[in-house]
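1. Give me a model of this one.
(2 chains)
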There are 2 protein chains.
Amino acid sequence: MHYGYFNGTILPTDQIGVGVTDLSLLRGYGLFDYFLTYNGRPFQWDWYWERFRNSAAGLRLPLPMSQDETYAIVMDLVARTGHPDVAVRFVMTGGYSPDSISIGTPNLMILTEDIHPVPPVQYEQGIKVILDEYVREMAEVKTTDYKRVILKAEEIRAANALDILYHKDGEVSELSRSNFFIVKGDNLITPNRHILRGITRRTIIDLAQTDFQVEERPVLLSELYDADEAFTTSSTKQVLPITQIGELVVGDGRVGSRSRFLLERFNELVANW
Amino acid sequence: MHYGYFNGTILPTDQIGVGVTDLSLLRGYGLFDYFLTYNGRPFQWDWYWERFRNSAAGLRLPLPMSQDETYAIVMDLVARTGHPDVAVRFVMTGGYSPDSISIGTPNLMILTEDIHPVPPVQYEQGIKVILDEYVREMAEVKTTDYKRVILKAEEIRAANALDILYHKDGEVSELSRSNFFIVKGDNLITPNRHILRGITRRTIIDLAQTDFQVEERPVLLSELYDADEAFTTSSTKQVLPITQIGELVVGDGRVGSRSRFLLERFNELVANW
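-> I've put the predicted structure just below:
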């Protein structure tokens, strides 16, 4: 059973009700963040908090609480689950609007959720994604706007794929909810614009420093053709190999040694978190 | 006091609570519509219903009720207000999501609200808008995504303006929540792409047929410079003159006779609705 915090109150999650004048319901004005706990501790908490604060600033919403106050609530909610490893979601909205368009006092929800782990077979075989010509508005702010991928769900399923890779003007950016990397020899290359700056992305870049030349820069669609490996990173996906992009087979079509290496480094890090 | 319908139940609006797994809260996946009643009857009901149905199809959400069932609920809610002239808002979302990303059974809210009429001085003097280089994603679907104008609120206020006029690649499209027209001699010209197809826009185009040459076509930014008049249309703004666009004074800077004429025709229509 999960509990959630909503504007000063903690309740079972299914008893929380948001009023209909909330600006995210009426006007899509909301942001969120999402992270996991390992061994009962929020992973990369300082980095997630920094990003949440940046997203709030991007939507010009004041934070209702300090980092420490928020941490205490997170730990309370995690303790109530009885599990050391859970997911935590922050949702913050423009608040109850007096006229359906002006910002009010932000509504903040903090929720624990079950983790939906990636099936092991996907790590063994890699996944397929399809290309989508699109770039997210305000990609650097973690807004709640995911209409695009939800509208594409049927197309993704029909292609036997699991996600989409956004590209525009010949440049790739990110998957719908995770970052994108390619490996060429000892070079680890990842887009640096039109993306949400993922915390797992940042962690992998850190972990890769001793064994790779890391390049954060615009990545061309054409570079996918001679990549040895590709993978995506997110809090739940960790380091998930991509072996097919549309009709393109990446490298030899099998999960590569560098992707495995980085996933192992990541797993070591979280095991001791 | 206002009541609202939510998934089969009618409650005072401030007692309606939407659960936190709703896909519009978590993922911005929602649409709406908004219309007024005159003399207790929904204005252009068939047209609004058609648009609502189209928006739902655009987000691939099934309608939970028929037009007649919905009409009965609207009339019930309007009767409860005790006023013949109120606003009615539909909000429909992707429903409660089992995994925070897949569509569930849509949540439908139908709400009555007070009308916020435009102050008379704005009809007498016209309003100022500022330009914004932007085009709405899926402009033709009435999604709930209005982040752009909410983020621009401070800039609009600082310019002593009341709204923004979107333009991109040299073409103007619409205001943040209303359509855009210019008048040149006897020509009434309005953009026909990258816009929400407003019901008031459609009504004005109908009313203008006998006295104007109506042109629905792409409109260039450069055409604003020699327009005689400009105005915006929406359910609450009706026909609201625009006398300044950024630093550009439209025509002679005063409300023009053609805008007044169309506002009068519109007022006659709704008086007898």
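2. And the helices in the stretch 1-150 of chain A?
-> Taking DSSP state H, counting those that start in this stretch, the helices of the stretch 1-150 of chain A run over residues A:23-27, A:45-58, A:67-81, A:120-125, A:147-151.
3. Any part of the fourth one near chain B?
-> Read that as helix A:120-125. No: with C-beta under 8 Å from any C-beta of the partner chain as the measure, helix A:120-125 is seen stopping short of chain B, the closest distance being 15.8 Å. C-beta coordinates here come from the backbone N, C-alpha and C atoms, glycine included.
4. do the same with the second one
-> No: between helix A:45-58 and chain B, judged by C-beta under 8 Å from any C-beta, nothing touches; the nearest distance is 8.6 Å.
5. and if you look at stretch A:215-232?
-> No: Stretch A:215-232 stays clear of chain B (C-beta under 8 Å from any C-beta), getting no nearer than 15.3 Å.
6. thinking again about what came up before, may I see the helices of the stretch 1-150 of chain A organised as TSV, with mean pLDDT added?
-> Shown next, in TSV, are those (pLDDT from 0 to 100):
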stretch	mean pLDDT
helix A:23-27	98
helix A:45-58	98
helix A:67-81	98
helix A:120-125	98
helix A:147-151	98
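7. Give me the domain ranges for chain A.
-> A:3-113, A:120-271 (automatic domain parsing).
8. and stretch A:74-87, C-alpha only, in PDB?
-> Listed next in PDB are the C-alpha coordinates belonging to stretch A:74-87 (Å, rounded to 0.1, in the frame of the first residue of the first chain):
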ATOM      1  CA  VAL A  74      10.100  11.300   1.300                       C
ATOM      2  CA  MET A  75      11.600   9.200   4.000                       C
ATOM      3  CA  ASP A  76       8.300   9.000   5.900                       C
ATOM      4  CA  LEU A  77       6.500   7.800   2.800                       C
ATOM      5  CA  VAL A  78       9.200   5.300   1.900                       C
ATOM      6  CA  ALA A  79       9.100   3.900   5.500                       C
ATOM      7  CA  ARG A  80       5.300   3.400   5.200                       C
ATOM      8  CA  THR A  81       5.700   1.200   2.200                       C
ATOM      9  CA  GLY A  82       7.800  -1.300   4.200                       C
ATOM     10  CA  HIS A  83      10.100  -1.700   1.200                       C
ATOM     11  CA  PRO A  84      13.700  -0.400   0.800                       C
ATOM     12  CA  ASP A  85      13.400  -0.100  -3.000                       C
ATOM     13  CA  VAL A  86      10.400   2.000  -4.200                       C
ATOM     14  CA  ALA A  87       9.800   4.700  -6.700                       C
END
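9. what's it in contact with?
-> A:1-5, A:10, A:34-40, A:42, A:88, A:110-116, A:235-236 (C-beta atoms under 8 Å, 6 or more residues apart in numbering or on different chains).
10. rerun that using 6 Å as the cut-off
-> Stretch A:74-87 is touched from outside by A:Y3, A:L36, A:T37, A:Y38, A:N39, A:G40, A:V88, A:T112, A:E113, A:I115, with contacts defined as C-beta atoms under 6 Å, 6 or more residues apart in numbering or on different chains.
11. all strands for the stretch 101-250 of chain A, in order.
-> Counting by DSSP state E, counting those that start in this stretch, the stretch 101-250 of chain A has strands at residues A:107-113, A:127-133, A:163-168, A:171-175, A:179-184, A:187-190, A:213-216, A:219-220, A:229-234, A:238-245, A:248-249.
12. and the stretch 1-150 of chain A, which residues reach chain B?
-> A:16-18, A:20, A:24-25, A:27-29, A:109, A:144-147, A:150 (C-beta under 6 Å from any C-beta of the partner chain).
13. Buried subset of those residues as a ChimeraX selection?
-> ChimeraX command restricting these to the buried ones, with burial defined by 16 or more other C-beta atoms under 10 Å in any protein chain shown:
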select /A:16,18,20,24,25,27,28,29,109,144,145,146,147,150
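14. Could you report the separation of A:R53 from chain B?
-> As judged by C-beta to the nearest C-beta, to the nearest Å, A:R53 and chain B stand 17 Å apart.
15. if you skip the residues just before and after it, what's nearest to that residue?
-> Nearest residue to A:R53 in three dimensions, chain neighbours excluded: A:L63, at 6.2 Å (C-beta to C-beta, 6 or more residues apart in numbering or on different chains).
16. neighbours around that neighbour, how many?
-> A:L63 has 16 neighbours, counted by other C-beta atoms under 10 Å in any protein chain shown.
17. Spell out which residues sit in contact with A:A227, please.
-> A:A227 sits next to A:I182, A:K184, A:V250 when contact means C-beta under 6 Å, 6+ apart.
18. let's see it at 8 Å
-> A:I182, A:V183, A:K184, A:V250, A:G251.
19. of all these, which two lie farthest apart?
-> A:K184 and A:V250 (11.2 Å; C-beta to C-beta).
20. Which one's more surrounded, those two?
-> Neighbours around A:K184 and A:V250, counted as other C-beta under 10 Å, are more numerous at A:V250. The numbers are 25 against 16.
21. Quick check: the residue of the stretch 1-150 of chain A nearest chain B.
-> As assessed by C-beta to the nearest C-beta, chain B sits closest to A:G17 within the stretch 1-150 of chain A, at 1.9 Å.
22. So for stretch A:249-268, what gets flagged as buried?
-> Within stretch A:249-268, the residues that count as buried by 16+ other C-beta under 10 Å are A:V250, A:G251, A:V255, A:G256, A:R258, A:S259, A:R260, A:F261, A:L262, A:L263, A:R265, A:F266.
23. Skip the chain neighbours and tell me the closest residue to A:T143.
-> In space, A:T143 is closest to A:L31, 5.2 Å off (C-beta to C-beta, 6+ apart).
24. Count the residues that sit near that neighbour.
-> A:L31 is flanked by 26 other residues according to other C-beta under 10 Å.
25. Surely it touches A:S55?
-> Yes: using C-beta atoms under 8 Å, A:L31 makes contact with A:S55 at a distance of 4.4 Å.
26. if I look at the two, which residues touch both of them?
-> Listed as contacting both A:L31 and A:S55 by C-beta under 8 Å, 6+ apart are A:V141, A:K142, A:T143.
27. related to what we said a few turns ago, who's in contact with the residue of the stretch 1-150 of chain A closest to chain B?
-> Per C-beta under 8 Å, 6+ apart, neighbours of A:G17: B:I16, B:G17, B:V18, B:G19.
28. Would you reformat those residues as TSV and include pLDDT?
-> Shown next, in TSV, are those (pLDDT from 0 to 100):
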residue	pLDDT
B:I16	98
B:G17	97
B:V18	98
B:G19	98
